[in-house]
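Visitor: Need coordinates for the following:
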Amino acid sequence: MKKLLLVLLFVSLVSFGQTETIKEPLIHTVLFWLNNPESQKDRVAFETAIQKLMATNPQGVQSHLGKPAKKSEREVVDSSYTYLYLITFSSIEAEAAYQTDLTHLKFIEEAKHLWKKVVVYDSNALE
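Guide: Have a look, this model is predicted:
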């Protein structure tokens with residue numbers, strides 16, 4: 001019984017520190033710099049538009065909307081952006097369909113006047 005408890009304790013400690021790997025093979029990360037990042041009105045308009053995209057787009061599997069974390073400043077951390085949007089796709093074809101999907105195009109039309117810069121990073125999982 002003592003050995004079983006030790007084994008269970010060891011297994012729980014080992015698995016506790018592991019993070020879950022994103023299973024989708026394509027990750028689309030978008031950084032937005034708003035024209036007026038201090039404007040609450042612009043932030044609400046942007047957040048409303050992108051959350052509508054996140055809720056209605058059929059191609060994405062998982063998504064995340066965030067802003068720069070409040071952490072200590074380090075030289076390697078870029079926190080100059082206003083929002084970070086991340087969405088995962090099951091395939092490169094799904095991401096290509098997303099680019100022309102009406103939910104994505106409607107988001108761009110509704111919100112493009114709010115940003116001054118957008119940078120996209122797409123990555124494929126290692127095989």
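Visitor: can you pull out the helices in this structure?
Guide: Along the chain, counting by DSSP state H, helices occupy 2-16, 40-56, 92-100, 102-111.
Visitor: Report all helices and strands that the last one contacts.
Guide: To tie it back to what came earlier, the one meant is helix 102-111. helix 40-56 (3 or more Cβ pairs under 8 Å, 6 or more residues apart in numbering; DSSP states H and E). Glycine gets a C-beta too; all of them are placed from N, C-alpha and C.
Visitor: what angle do the helix it packs on and helix 92-100 make?
Guide: 140 degrees (axes from the mean of the first three to the mean of the last three Cα atoms, to 10 degrees).
Visitor: Now helix 40-56 - C-alpha only, CSV.
Guide: What follows is helix 40-56, C-alpha atoms only, in CSV (Å, rounded to 0.1, in the frame of the first residue of the first chain):
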residue,chain,number,x,y,z
GLN,A,40,-12.3,53.1,-24.5
LYS,A,41,-14.8,53.6,-27.3
ASP,A,42,-12.3,52.2,-29.9
ARG,A,43,-11.4,49.3,-27.6
VAL,A,44,-15.0,48.3,-27.1
ALA,A,45,-15.6,48.5,-30.9
PHE,A,46,-12.6,46.4,-31.6
GLU,A,47,-13.3,43.8,-28.9
THR,A,48,-17.0,43.5,-30.0
ALA,A,49,-16.0,43.0,-33.7
ILE,A,50,-13.3,40.4,-33.0
GLN,A,51,-15.4,38.5,-30.4
LYS,A,52,-18.2,38.2,-33.0
LEU,A,53,-15.6,36.7,-35.4
MET,A,54,-14.4,34.3,-32.7
ALA,A,55,-18.0,33.2,-31.9
THR,A,56,-19.2,32.7,-35.5
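Visitor: Can you mark which positions in it are buried?
Guide: Residues of helix 40-56 classed as buried: 42, 43, 45, 46, 49, 50, 53, 54 (neighbour count, 16 or more other Cβ atoms under 10 Å).
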